[in-house]
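J.: need the 3D shape of this:
(2 chains)
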There are 2 protein chains.
Amino acid sequence: MIAHLPLCSIPNPQKVLVIGGGDGGVLREVGRHKSVKQIDICEIDQMVIDVAKKFFPRIAVGFEDPRVKLFVGDGALFLKGVPDGFYDAIIVDSSDPVGPAQELFETPFFESLARVLRPGGVVCTQAESVWLHLHIIQDIFASCKKAFKGSVNYAWTNVPTYPSGVIGFMLCSTEGPPVNFKQPINPIEKAEEDDGRSPLKYYSSEMHSASFCLPKFAREALGA
Amino acid sequence: MIAHLPLCSIPNPQKVLVIGGGDGGVLREVGRHKSVKQIDICEIDQMVIDVAKKFFPRIAVGFEDPRVKLFVGDGALFLKGVPDGFYDAIIVDSSDPVGPAQELFETPFFESLARVLRPGGVVCTQAESVWLHLHIIQDIFASCKKAFKGSVNYAWTNVPTYPSGVIGFMLCSTEGPPVNFKQPINPIEKAEEDDGRSPLKYYSSEMHSASFCLPKFAREALGA
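T.: Numbering: from 1, shown residues only, chains lettered A, B, ... in the order given. Okay, the predicted model is just below:
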């Protein structure tokens, strides 16, 4: 979901940045999109990559895509070296906002993301569980509203192994062509045609749209 | 969800049967529907009711509705005494299909439900988690397809305290006016107007429709 929600929401994504995601799973899913020409990943922890390659080869397979270029380092620092408007899509596959990932949930970081995004580009960032972290989600929502001039939307999905069984994402767009995240205009079904990869098990265009339907308490908490 | 999915799918539900649900929560939610005149409940275990009244008064409050009539006994036996076509809606709030609840997941029971339902009436029965019990869900789906002449649909919802964080429901209709479960024609927003009860926190018409969107693997497993 964290890869297809943004990439299916815009036509023809070509340059993608992944921040975090050292296990390679997001890379694998980004790789399904044939329009994508460049996949940069900035992961802070080399050991995450090594462990994933050793023990989770079917996830780490994402690193084998020749379009992938790996940078090991701090995501916020990495962004400082990126020209304005460079990426079509950025996916922040972070851990929780404590310790090293703290700054990935703050306004300056979101402002850097907005800066390096082309007009009409999109960001998808890990945004916690509505059952456990509603206040954190409210903070992320407010910060993103400040940093991004386009639309800001919360989506959620099921991950039974995560605490509370769900995880959420903040989908944001910059100025430029408006992005309607709830209606995928670049449907995954197109990417799946004649594809040698194993078929998707969870994501579909229908699930994409449904993931933006929030429980009443969450919708009200976000004023959405 | 287990109460509003069926009751919001038909116009003017009046006679409702709950099988199981001894904690009173389903009764409380059925009670929001002003068209309902009669709420029968058949719970097999008196102790469930007593414990709920003692320790979970905000759930057991459902029993205080004057429309509620309690029968303590076996749900399948109870149905034998019900005339054909008697109920508008039946909600089966059962435990898992082991021990006493086993027969609530078998074809003869579903056939009894279909018999006591009026034409155009609906059933909503607890139908397990897509992450843990896909084969059981396939069996329930097949049995319901046999027993019910109308439509049979699987919906799911989030319950973070349940194993895997989700639970599902099978929504079934008999012959008679077709029921499109995915589009609530009796929206809850109508029931909530001028209502002294505490407002709903989770369910909405939007969540109702979204709950029928299934992950691709589940949709394919059900051939839906």
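
J.: pretty sure A:I90 contacts A:R115?
T.: No - judged on C-beta atoms under 8 Å, A:I90 makes no contact with A:R115 at a distance of 10.8 Å. C-beta here means a position set from N, CA and C on the backbone, and glycine is covered the same way.

J.: neighbour-wise, which of these two wins?
T.: Each of A:I90 and A:R115 has its neighbours counted (other C-beta atoms under 10 Å in any protein chain shown); A:I90 has more, 27 against 16.

J.: using the three-state scheme, assign the more buried one.
T.: Secondary structure state of A:I90, per DSSP: H, G, I helix; E, B strand; the rest coil, is strand.

J.: now A:I19: which helix or strand?
T.: Per DSSP states H and E: A:I19 is located in strand A:15-20.

J.: so which elements touch that strand?
T.: helix A:25-30, strand A:38-43, helix A:75-80, strand A:87-93 (3 or more C-beta pairs under 8 Å, 6 or more residues apart in numbering or on different chains; DSSP states H and E).

J.: name every strand pairing with the last one and say which way it goes.
T.: Partners of strand A:87-93 in the sheet, by DSSP bridges, are strand A:15-20 (parallel), strand A:117-126 (parallel).

J.: remind me, longest helix of chain A?
T.: helix A:134-147 (DSSP state H).

J.: go through stretch A:204-215 and flag the buried ones.
T.: Judged by neighbour count using 16 or more other C-beta atoms under 10 Å in any protein chain shown, the buried positions of stretch A:204-215 are A:204-215.

J.: next up, the contacts around the residue in chain A positioned nearest to chain B.
T.: Relative to chain B, the nearest point of chain A is A:G165 (1.9 Å; C-beta to the nearest C-beta). Going by C-beta atoms under 8 Å, 6 or more residues apart in numbering or on different chains, A:G165 touches A:131, A:158-159, B:158, B:160, B:164-166.

J.: can you pick the most crowded of those residues?
T.: Highest count within the contacts of A:G165 by other C-beta under 10 Å belongs to B:G165, 22 neighbours.

J.: ramachandran angles for it?
T.: B:G165 has phi and psi values of phi 80, psi 0 when expressed as degrees, to the nearest 10.

J.: show the pLDDT at it.
T.: Per-residue pLDDT puts B:G165 at 95.

J.: identify all contacting residues around stretch A:105-119.
T.: A:17, A:75-76, A:79-80, A:82-88, A:90, A:92, A:94, A:97, A:103, A:123, A:125, A:136, A:139-140, A:143-144, A:146-149, A:172, A:174-177.

J.: what residues sit buried inside that stretch?
T.: A:105, A:109-110, A:112-118.

J.: restricted to strands, list the residues you listed.
T.: Among the buried residues of stretch A:105-119, the residues falling in strands (DSSP state E) are A:117-118.

J.: between the buried residues of stretch A:105-119, which has the least confident prediction?
T.: Looking at the buried residues of stretch A:105-119 by pLDDT, the weakest one is A:F105, with 88.

J.: which one of the helices and strands packed on strand A:15-20 lies closest to A:S9?
T.: strand A:87-93 (8.7 Å; C-beta to C-beta).

J.: the inter-axis angle of that closest one versus strand A:38-43?
T.: In terms of direction (axes from the mean of the first three to the mean of the last three C-alpha atoms, to 10 degrees), strand A:87-93 departs from strand A:38-43 by 30 degrees.

J.: give me the mean pLDDT for strand A:87-93.
T.: If you average the pLDDT over strand A:87-93, you get 98.

J.: gap between it and the chain center?
T.: 6 Å (C-alpha atoms, centre = their mean, to the nearest Å).

J.: C-alpha coordinates for it, CSV please?
T.: Extracted in CSV, the C-alpha atoms of strand A:87-93 (Å, rounded to 0.1, in the frame of the first residue of the first chain):
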residue,chain,number,x,y,z
TYR,A,87,11.3,13.7,-7.6
ASP,A,88,7.9,12.6,-8.9
ALA,A,89,7.2,10.6,-5.7
ILE,A,90,8.7,10.1,-2.3
ILE,A,91,7.9,7.3,0.0
VAL,A,92,8.9,7.6,3.7
ASP,A,93,8.9,4.1,5.2
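
J.: residues in chain A within reach of chain B, list them.
T.: A:131, A:158, A:160, A:164-166, A:199-204, A:206-207, A:209-210, A:213-217, A:219 (C-beta under 8 Å from any C-beta of the partner chain).
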